[in-house]
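Colleague: Structure for the following, please:
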Amino acid sequence: MSSDLNSIQSQFNINPGNSSAGNTYEFEDFRLDASLLMLYRKKETISLAPKVVETLLALIERRGEIVSKRELMKRLWADSFVEDSNLTQNIYLLRKTLGKGTDGRELIETFRRRGYRFTGEIKKRTASGEIENESRSEILTPETEEIGSENKNHLIKKNPNESDRKTFWKKRIFPLVTVLLILSIVIVGIFQLYKIKSGENFRPVNVQLKRLTPDQSTFNPAISPDGKYIAYALLEEKGSLSLWLRDMQSGEIKRLLPPFAKAYMGLQFSPDSKQLYYLTYNGIEPILSSIDLENGQTREVAGNVSVWFGLSPDGTQVAFVRDMDLVVAATDGSREERVIAKRDGKSKWFASQTAQPAWSPDGKKIVVSGGYADRDKKYSELLEINVNDGAEKKIQTPFWEKIGSVVWTKDDSGLYVTAREAANQPNQIFFLSFENSGVQRITNDLHNYNSLSLTTDSRSLVTEQVAGKSDIWIAEGSDLNQIRRITFEDEETTGVNGLAFMPDGRIVYTSPRSGNLDLWIMNADGTNQKQLTSNMSGWNIRPRPTADGKYIVFQSFYNNRNQILRMDADGKNIIQLTNDNESYSFPDVSPDGQWVYCTMNKEEETSIWKVSINGGTTVRFAEENKILGASISPNGKLIAANYEWNQDSSLKVVILSAENGKILKRFDIAAFRRILKWSPDSKSIIYIQRNSANLYEQPIKGGEPRQLTKFDLEQTWNFAFSFDHQQTAFVRGTINTESVLINLK
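Modeller: Okay, the predicted model is just below:
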């Protein structure tokens, strides 16, 4: 994946060589003005970047034909070098905006390794006012698209009165339509100019990105207010982190503190750039500490502070979310603190995970992300909290699915925010302007951006960038170290969010290649890849086939909640199994194919439930709370699950009775990404060791776990066994987390 932000500007460079200039295209409830590159739904203007609309125009001009990615890239970015991800993002936004036609057919179809096709019925109005109708009956199918142009003409039906109607239009209606068209263009132009001035189309300018820690895994970077230093946590061997400081002028790098297992989170500099604040875990609670950058002395500042905190402008206070409270604590070590705002955690809440609060420059307000429930759906919001009386004020934002960290500009001109527009989209960085209510998109790629740190002059922004790539590998027989690669996708996280064998040996896996996180199926040698789910939701993950191969159960973000769905093995006849107002995840199917076990997430409660393979009422299975991710043994007698049972909140593994849900054994091991599998004899659980790329086997009877693989390079993100246990599939790849500097000029 590229870090080049030139692609952002390229979304706003309009191609002047538009062959459709002056034409207007109407389809469904939409209208596309080719001259202005504007898209409307009925009378409502749809806010899309010009390049996104031009992508739609290119497909409409070739309606019924498959337009290759190469053709689209050449038309849209003929004079620029940008990556294919820009086109993929455009297609995703268009499909999200347009949806399906009235007949249920996708308006934009994707053809694997070939391109895209627009399928809707079009009514074209030319600059002269003439109307041309082109229906789907005139659109070529894949079987007929290679027929010569002389044969295509025979597909258009002629009307004997067509000549008379054209004469009538030219002599009578044409002058009136021309005047109205010119007037509408002028009005739309003035409206667009007003929108730009008022900030609705606030456009990014001169954004430059620089990698600060290439080829290193660094976390939680922060830049000093004076811009002279950056600090970051560096991943060392065995998963420990060390704390480092870099001089931005000389490039000199020095280690401030040695490697530690749970340390150096949420880094922030003091306002005078002389102290660096960080979190460590002492085995009882997270402790906020600081280190003097001149003499290296450290001191404890406050206790029980969440990972993401915000320092006040004078450095005397720190704000953070604890449970459902927004807390302000002193930084003098006195442990004095007060709750300035509360939410109930049900109808309203504050976000605490990857959500860094920000103080206003005058120290009177704190901005923090949160959420609310409305009609059984959950929404994100950005809140301004008065430090003195806790009064809340909602900040207007676009409809973002999730809002993360926030940082306030020192000149009080606005906020930088990390947010994602949809559930399957990565976190991007935006700027909210207070001056003109504009929203400026700073990043526009497939990376994730987490923490934010800004200099006093608001010209330099440092962030944590996360990018990944993975592929699927196969091992035959019992030798798990002899693996061969069967997928070769560029810059895609193939299989990370789901991997399973079908009884016939095919593999079901997740892939984002269509612009959505969908389920795909292929042969065990990587051939005959087919998409099973399409544009159902933000994501479709964690597939679990039944033993007879009839169904595939999976988790989907459906109706604004995680739900468990079932489909036929060919992707047809999808039904929802869980149907109440709760959220369900981590499905697994009993060996007899009659029950689906899943995790229900309700408020602060996490537990194992089950539902019939045919749907119906969900029934609680395990009475114990804080259990998630059930995995059923091949003999159907035991269930392995992750269990949060100790004070440091790290996930452990428990074995439950499949008969009554009682806990039989606990194991002090942490499975990476909560993935648990069973050995064929149901006597061991197999997992990916946290902070390792290898598989380990833990006997149920006890004893030390045994290492099964000897992988040295890359990370193992997922794995699955075939039903006969003669093949093992691995998802292996890299996730790069590095520190990035964004210059804003």
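
Colleague: Domains of this structure: list them as residue ranges, please.
Modeller: If you go by automatic domain parsing, the domain ranges for the chain are 6-198, 207-467+739-744.

Colleague: and these as a markdown table, adding distance to residue 619, mean pLDDT and mean neighbour count?
Modeller: C-beta here means a position set from N, CA and C on the backbone, and glycine is covered the same way. Below are the domains of the chain laid out as a markdown table (distance: least, C-beta to C-beta, whole Å; pLDDT from 0 to 100; neighbours: other C-beta atoms under 10 Å):
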| stretch | distance to residue 619 | mean pLDDT | mean neighbour count |
| --- | --- | --- | --- |
| domain 6-198 | 34 | 64 | 15 |
| domain 207-467+739-744 | 21 | 89 | 18 |
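
Colleague: any chance of those in TSV, with distance to residue 582 too?
Modeller: Output for the domains of the chain, formatted as TSV (distance: least, C-beta to C-beta, whole Å):
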stretch	distance to residue 582
domain 6-198	26
domain 207-467+739-744	10
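
Colleague: between these, which one is nearest to residue 549?
Modeller: domain 6-198 (23.7 Å; C-beta to C-beta).

Colleague: circling back: so which of the domains of the chain comes closest to residue 577?
Modeller: When those are compared by C-beta to C-beta, domain 207-467+739-744 sits nearest residue 577, at 17.8 Å.

Colleague: and the closest one, how far out from the chain's middle?
Modeller: When distances are taken as C-alpha atoms, centre = their mean, to the nearest Å, domain 207-467+739-744 is centred 19 Å away from the chain's centroid.

Colleague: Same question for stretch 500-517.
Modeller: Its chain's C-alpha centre and that of stretch 500-517 lie 18 Å apart, by C-alpha atoms, centre = their mean.

Colleague: and what of stretch 678-696?
Modeller: Going by C-alpha atoms, centre = their mean, where stretch 678-696 is centred and where its chain is centred differ by 28 Å.

Colleague: For it, give the mean pLDDT please.
Modeller: Regarding stretch 678-696, the rounded mean pLDDT is 93.

Colleague: Same question for that stretch: list its buried residues.
Modeller: Neighbour-count burial for stretch 678-696 flags 678-679, 682, 684-689, 692-696 (criterion: 16 or more other C-beta atoms under 10 Å).

Colleague: Figure out the helix or strand that the closest residue to residue 31 other than its chain neighbours lives in.
Modeller: Spatial nearest neighbour of residue 31, chain neighbours left out: residue 40 (4.6 Å); criterion: C-beta to C-beta, 6 or more residues apart in numbering. Assessed by DSSP states H and E, residue 40 sits inside strand 38-41.

Colleague: Relative to that strand, what are the paired strands and their orientations?
Modeller: strand 30-33 (antiparallel), strand 44-46 (antiparallel) (DSSP bridges).

Colleague: Past the last one, which element shows up next along the chain?
Modeller: On the C-terminal side of strand 44-46, the nearest following helix or strand under DSSP H and E is helix 50-61.

Colleague: name the helices or strands packed onto the helix or strand following that next one?
Modeller: Using DSSP H and E, the helix or strand that follows helix 50-61 in sequence is helix 69-76. Helices and strands touching helix 69-76, as assessed by 3 or more C-beta pairs under 8 Å, 6 or more residues apart in numbering; DSSP states H and E, comprise helix 50-61, helix 84-98, strand 115-118.

Colleague: Just put the strands paired with strand 38-41 in CSV and tack on distance to residue 413.
Modeller: Formatted as CSV, these follow (distance: least, C-beta to C-beta, whole Å):
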stretch, distance to residue 413
strand 30-33, 33
strand 44-46, 26
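
Colleague: Look up which residues are beta-bridged to the residue nearest to residue 31.
Modeller: residue 31, residue 45.

Colleague: Quick check: it touching residue 26?
Modeller: No - between residue 40 and residue 26 there is no contact under C-beta atoms under 8 Å: 9.5 Å.

Colleague: overlap in contacts of the two?
Modeller: Residues touching both residue 40 and residue 26 by C-beta atoms under 8 Å, 6 or more residues apart in numbering: residue 32.

Colleague: Tell me the secondary structure of the spatially closest residue to residue 485 that is not a sequence neighbour, please.
Modeller: Among residues not flanking residue 485 along the chain, residue 473 sits closest, at 5.1 Å (C-beta to C-beta, 6+ apart). What DSSP: H, G, I helix; E, B strand; the rest coil gives for residue 473 is strand.

Colleague: Isn't residue 473 up against residue 481?
Modeller: No - using C-beta under 8 Å, residue 473 makes no contact with residue 481, being 10.9 Å away.

Colleague: The two: which is more packed in?
Modeller: Applying other C-beta atoms under 10 Å to residue 473 and residue 481 shows that residue 473 carries more neighbours, namely 21 against 10.

Colleague: What pLDDT does the model give the more buried one?
Modeller: Residue 473 carries a pLDDT value of 96.

Colleague: That one bridge partners, please.
Modeller: With DSSP bridges as the rule, residue 473 is bridged to residue 485, residue 730.

Colleague: show me the contacts for it.
Modeller: 483-486, 729-732.

Colleague: what sits against residue 602?
Modeller: Shown in contact with residue 602 (C-beta under 8 Å, 6+ apart): 582-583.

Colleague: Check residue 278 too.
Modeller: Residues near residue 278 by C-beta under 8 Å, 6+ apart: 243, 263-268, 288-291.

Colleague: Might you calculate how far stretch 587-606 sits from the centre of the chain?
Modeller: Distance, centroid of stretch 587-606 to centroid of chain: 24 Å (C-alpha atoms, centre = their mean).

Colleague: for stretch 516-535, same thing?
Modeller: Taking C-alpha atoms, centre = their mean, one finds the center of stretch 516-535 at 20 Å from the center of the full chain.

Colleague: Same check on stretch 57-68?
Modeller: Distance of stretch 57-68 from its chain centroid, counting by C-alpha atoms, centre = their mean, is 29 Å.

Colleague: Quick one: end-to-end distance for stretch 542-554.
Modeller: From its first residue to its last, stretch 542-554 covers 5 Å (C-alpha to C-alpha, to the nearest Å).

Colleague: Can you list the buried residues in it?
Modeller: Those would be 542-546, 551-554, for stretch 542-554 by 16+ other C-beta under 10 Å.

Colleague: Stretch 584-598 too?
Modeller: For stretch 584-598, by 16+ other C-beta under 10 Å, it's 584-591, 593, 595-598.

Colleague: now, which of these sits nearest residue 94?
Modeller: Closest approach between the buried residues of stretch 584-598 and residue 94, by C-beta to C-beta: residue 585, at 29.5 Å.

Colleague: Name every sheet partner of the helix or strand hosting the closest one and say whether each one runs parallel or antiparallel.
Modeller: If you go by DSSP H and E, residue 585 is part of strand 583-589. When sheet partners are counted by DSSP bridges, strand 583-589 sits next to strand 595-602 (antiparallel).

Colleague: C-terminal to the partner strand, which secondary structure element comes first?
Modeller: strand 605-612.

Colleague: how about the strands in the stretch 601-745 of the chain?
Modeller: 605-612, 619-620, 627-632, 638-644, 651-657, 663-667, 671-678, 684-689, 695-699, 706-707, 715-721, 727-744 (DSSP state E, counting those that start in this stretch).

Colleague: who does the first one touch, helix- and strand-wise?
Modeller: The criterion is 3+ C-beta pairs under 8 Å, 6+ apart, and the helices and strands that strand 605-612 contacts are strand 595-602, strand 619-620, strand 627-632, strand 638-644.
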